[in-house]
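S.K.: predicted model, plus sequence, below.
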Amino acid sequence: ASGLSLSGSVEKINGCGRKVMVWLSLDKDSYQDRLLLMHTVVPAGGSFQFMVRPGDYQIRGSDESGCESLTKVSVREDQKITVRVSRR
């Protein structure tokens with residue numbers, strides 16, 4: 001089971017940008033250990049897909065207007081998530 005899919009969509013949020021940078025990294029508390037694996041720009045309302053191995057990951061989203069999100073996910077089988085950026 002080494003070829004799993006982590007896919008999702010970027011929700012449109014009023015007051016946030018039209019494009020969101022979606023980052024996939026290892027789920028580590030220390031930013032020095034949090035290895036960035038992949039990233040992509042996704043239009044609001046669009047979708048993304050990363051091919052991953054089983055493990056613990058962080059999905060971060062951020063846009064040019066300062067909206068952001070963080071989702072932690074444990075991948076054991078194909079998974080789908082929604083990135084909801086918001087102002088903090």
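M.R.: Done, it's in. Residues are numbered from 1 along each chain as shown.
S.K.: name the residues of stretch 19-38 that are buried.
M.R.: Buried residues in stretch 19-38, defined by neighbour count with 16 or more other CB atoms under 10 Å: 20, 21, 22, 23, 24, 25, 34. Glycine gets a C-beta too; all of them are placed from N, C-alpha and C.
S.K.: centroid-nearest residue for this protein?
M.R.: Geometric centre of the chain, nearest residue: residue 59, 2.9 Å, by CA atoms, centre = their mean.
S.K.: so which of the buried residues of stretch 19-38 are in strands?
M.R.: 20, 21, 22, 23, 24, 25 (DSSP state E).
S.K.: farthest pair in those?
M.R.: Of all pairs drawn from these, the greatest distance, 15.6 Å, lies between 20 and 25 (CB to CB).
S.K.: direction included, what does the helix or strand of the chain with the lowest mean pLDDT pair up with?
M.R.: Within the chain, no helix or strand scores below strand 79-83, which has a mean of 89 by mean pLDDT, DSSP states H and E. Under the criterion DSSP bridges, strand 79-83 sits next to strand 4-10 (parallel) in its sheet.
S.K.: now the angle from the partner strand to strand 19-26?
M.R.: Per axes from the mean of the first three to the mean of the last three CA atoms, to 10 degrees, the angle that strand 4-10 makes with strand 19-26 is 150 degrees.
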